[in-house]
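Novice: dropping a prediction and its sequence here:
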Amino acid sequence: MTLPSPVVLVALAAWGTIAGLDLVSVLQGLFSRPLIAGAGAGLLLNDPEAGLRVGVLLELFALDVLPVGAARYPDFGPGVVAAVVLVSGTPWSQSLGIAALFALGWAALGGWSLQWLRRANGRALARNAAGLAAGDAATFARLQREGLLGDLVRSLLLTLAGLALAMVLRTHIELTTRFVPVSAVAIGAGVAAAAGGAIRSAGRGSRLRWLVAGVAVGLLAATLR
Amino acid sequence: MSSGRLRAFVRLLTVQGAWNYERMTGVGLGHAAEPLLEDLKSADPARHAEAAVRSAEYFNSHPYLAGLALGALVRAEYDFVPGPQIARLRAALCSPLGALGDQLYWIGLVPALMAAGIVAVVAGLGLWSLAAILVTYNFVRLWTGAWALNAGLKAGARVGTAIGNSWLPGAASRAGRAAGLLVGLALPLAADWLLDGESSRNVVLAVVTMLAGLGLAWQLGPRITAVRFGLLAIGIAATLAWRIG
C-alpha cells in the first residue's frame, strides 16, 4: 500500500491538531466533530469517500457524547484523521470496522490526555497563586498562553502518534474480506450509540415525538433509496 | 464594537484555554475581562484592583454564553455594585448559562447540524454540504459570542431578567426538537448507506449488535459509554476475525 507524501502528512498533522484544539480550547466550531475531521482528511488524501465513510460512522458514536465542563469525554478529531490514513484506498466494507476500532481507541486516549492537561493547568495555577491573588493581568495572560500551548502540543503529539501508528498498521495489516463482519459490528455499535444518546436527550417530552417522527421518515426514505 | 470589547470578544473565543479543576474557566474569563476593565484603572484604581482579582475567580458556563456573564460582571463593577453581590451574581450565573448553552448547542444545534450533514452525505451532496454547515455554524457561534457580550454589558446586574426575556430559552427548545427530528432521520439513512451492498448475514450481525448496545445502555446506564461499547464489540469482532478468518 502506498503511504501519503510528506506534504500531505504535514497537512494532515495540521488538520488533526486543529481538530484537537477545537474540542475545548479554541473556538469550538465543529472542526473536532468526526464528520468534519474525517471529510477534511479524506479530501487531503484525495479519497473523499473514505473520509466520509469513516466520518459518518464515528459521528454516530460522537452523537452520544456531551462535551460538558468537568466530564471526561473522548477527543475524536486526531484519531479520525489517523483512521482515514489507515484505511484510505482500501475497500471500505473490509476496513470500516478496523478504522472505527482505531479511532475509538485513539479518542479514548485523547480524552485521557485532556484530563492530564487540565491537571497540569491546575498545577500552573498553584505556581502562580501570588499573581492570581493580586489580580495581575500578566499572570492571567501567561496562564492562558501556557494552557493554549499545552493543548496545541497535546493535539499535535496525539495526531503525530496516531499518523505514525496508522502508517505502521497500514503496511502490516492486510484488510481482507475476513474483516467485513467487523465493519458490520462497528456500524451496529455506532447506530446503537447514536440511538441511545438520542433517546436519552429526548426524555419524555415533545423531543421524543420529533425523534420518533424522524425515525419513521428516515426508515421510509431508506426503503425508497 | 470598541477596541476593548473587540479584544474581550476575541479572548472569549479561547475562554477555556487554561481550563482546570480549581477555577474551571475563571482564568479565561479574567483574561477576557482585562481590556474591559481598563477604564476603571484610571477612574478608581482601588476598585479596579478588587475587580481584577474577582474577574479570575471560579467560573464555569457554556463557553459561547460566557460573554453574558463577563459583560454583566464588568458592568456591575462600573456601576459600583458591592463586591459580595458581584461574587453572588457570578456564582448564580454558572448553572443557568451552562444549562441553556448545553440545551441550545451541545444537545440541540450541534447534533441537529451533524445529523443534517449525515443526511446530506447519504443524499450524495458530499463535501460542499459539510462546508456550508461549517460556515453556518461558525457564523451562529461568533454571532452568539458577540451578542452575549453586548447583552451582558447592557444588562449588568439585571442580566438574569435579560436572559429570561431573550431569544435563548425559546431557541433552546426549538433546537432540541430539530435535533430529535434530524437525528431520527439520519439514523436509518446512515445505517442503510453504511450497510449498502452487505450480505443479509452482516445486516443481521449489525442489527444484533445494535440491539445488544441498546440493551446494555438500558441496563447499565452511563457506565457503558458509546466508546466503551464500541471498543468492546468491535474489539471482540476483530479478534475473532483475526483468529478464525
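Specialist: Structure received.
Novice: where exactly do the helices run in chain A?
Specialist: Here chain A has its helices, by DSSP state H, at A:6-24, A:34-44, A:48-62, A:76-87, A:92-127, A:129-133, A:137-172, A:180-202, A:206-224.
Novice: export these to a markdown table and tack on distance to chain B?
Specialist: Heads up, the C-betas are built off the backbone N, CA and C, glycines and all. Formatted as a markdown table, these follow (distance: least, Cβ to the nearest Cβ, whole Å):
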| stretch | distance to chain B |
| --- | --- |
| helix A:6-24 | 5 |
| helix A:34-44 | 5 |
| helix A:48-62 | 5 |
| helix A:76-87 | 9 |
| helix A:92-127 | 4 |
| helix A:129-133 | 6 |
| helix A:137-172 | 3 |
| helix A:180-202 | 3 |
| helix A:206-224 | 2 |
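Novice: any idea which of those is most buried?
Specialist: Counting by mean count of other Cβ atoms under 10 Å in any protein chain shown, helix A:76-87 has the highest mean neighbour count of the helices of chain A, with a mean of 32.
Novice: orientation of that helix relative to helix A:6-24 in degrees?
Specialist: Per axes from the mean of the first three to the mean of the last three Cα atoms, to 10 degrees, the angle that helix A:76-87 makes with helix A:6-24 is 150 degrees.
Novice: what's helix A:76-87 packed up against?
Specialist: helix A:6-24, helix A:34-44, helix A:48-62, helix A:92-127, helix A:137-172 (3 or more Cβ pairs under 8 Å, 6 or more residues apart in numbering or on different chains; DSSP states H and E).
Novice: a markdown table for these, including mean pLDDT?
Specialist: Shown next, in a markdown table, are the helices and strands packed on helix A:76-87 (pLDDT from 0 to 100):
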| stretch | mean pLDDT |
| --- | --- |
| helix A:6-24 | 98 |
| helix A:34-44 | 98 |
| helix A:48-62 | 98 |
| helix A:92-127 | 97 |
| helix A:137-172 | 97 |
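Novice: could I get those helices in TSV, plus columns for distance to residue B:45?
Specialist: Listed next are those as TSV, based on distance: least, Cβ to Cβ, whole Å:
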stretch	distance to residue B:45
helix A:6-24	35
helix A:34-44	47
helix A:48-62	49
helix A:92-127	26
helix A:137-172	14
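Novice: for the residue nearest to residue A:16 when sequence neighbours are not counted, what are its contacts?
Specialist: Counting by Cβ to Cβ, 6 or more residues apart in numbering or on different chains, residue A:159 is the residue found nearest to residue A:16 once chain neighbours are left out, at 3.0 Å. By Cβ atoms under 8 Å, 6 or more residues apart in numbering or on different chains, the residues touching residue A:159 are A:12, A:13, A:16, A:17, A:19, A:20, A:78, A:81, A:82.
Novice: hmm, the third one is touching residue A:158, no?
Specialist: Yes. With contact defined as Cβ atoms under 8 Å, residue A:16 counts as touching residue A:158 (7.3 Å).
Novice: any buried residues in the biggest helix by length in chain B, and which?
Specialist: For chain B, the helix with the greatest residue count under DSSP H is helix B:126-155. Within helix B:126-155, the residues scored as buried using 16 or more other Cβ atoms under 10 Å in any protein chain shown are B:127, B:129-130, B:133-134, B:137, B:140-141, B:144-145, B:147-153, B:155.
Novice: near chain A at all, it?
Specialist: Yes. Remark: helix B:126-155 sits within contact range of chain A at B:126, B:127, B:130, B:133, B:134, B:137, B:138, B:141, by Cβ under 8 Å from any Cβ of the partner chain.
Novice: what's the following helix or strand past that helix packed up against?
Specialist: Following helix B:126-155 in sequence order, the next helix or strand is helix B:159-165 (DSSP states H and E). Helix B:159-165 is packed against helix B:66-78, helix B:83-101, helix B:126-155, with contacts defined by 3+ Cβ pairs under 8 Å, 6+ apart.
Novice: in a markdown table, list these along with distance to residue B:236.
Specialist: Shown next, in a markdown table, are these (distance: least, Cβ to Cβ, whole Å):
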| stretch | distance to residue B:236 |
| --- | --- |
| helix B:66-78 | 43 |
| helix B:83-101 | 38 |
| helix B:126-155 | 32 |
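Novice: out of those, flag the one nearest residue A:225.
Specialist: Nearest to residue A:225, of all those, is helix B:126-155, at 16.0 Å by Cβ to Cβ.
Novice: what average pLDDT does that closest one get?
Specialist: Here the mean pLDDT over helix B:126-155 is 97, rounded to a whole number.
Novice: report the angle between it and helix B:83-101.
Specialist: 150 degrees.
Novice: output the contacting helices and strands for helix B:126-155.
Specialist: Using 3+ Cβ pairs under 8 Å, 6+ apart as the contact criterion, the elements in contact with helix B:126-155 are helix A:34-44, helix A:48-62, helix B:3-12, helix B:66-78, helix B:110-122, helix B:159-165.
Novice: could I get those helices as a markdown table with distance to residue B:238?
Specialist: Putting these into a markdown table (distance: least, Cβ to Cβ, whole Å) gives the following:
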| stretch | distance to residue B:238 |
| --- | --- |
| helix A:34-44 | 19 |
| helix A:48-62 | 15 |
| helix B:3-12 | 43 |
| helix B:66-78 | 42 |
| helix B:110-122 | 24 |
| helix B:159-165 | 49 |
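Novice: so which of those helices gets nearest residue A:194?
Specialist: Nearest of the helices and strands packed on helix B:126-155 (Cβ to Cβ): helix A:48-62, 4.2 Å.
Novice: identify the contacts common to residue A:16 and residue A:158.
Specialist: Common contacts of residue A:16 and residue A:158, defined by Cβ under 8 Å, 6+ apart, comprise residue A:78.
Novice: circling back: chain center to the longest helix of chain B, what's the gap?
Specialist: A distance of 12 Å separates the centroid of the chain from that of helix B:126-155, by Cα atoms, centre = their mean, to the nearest Å.
Novice: cool, and stretch A:90-105?
Specialist: On Cα atoms, centre = their mean, the centre of stretch A:90-105 falls 14 Å from the chain's centre.
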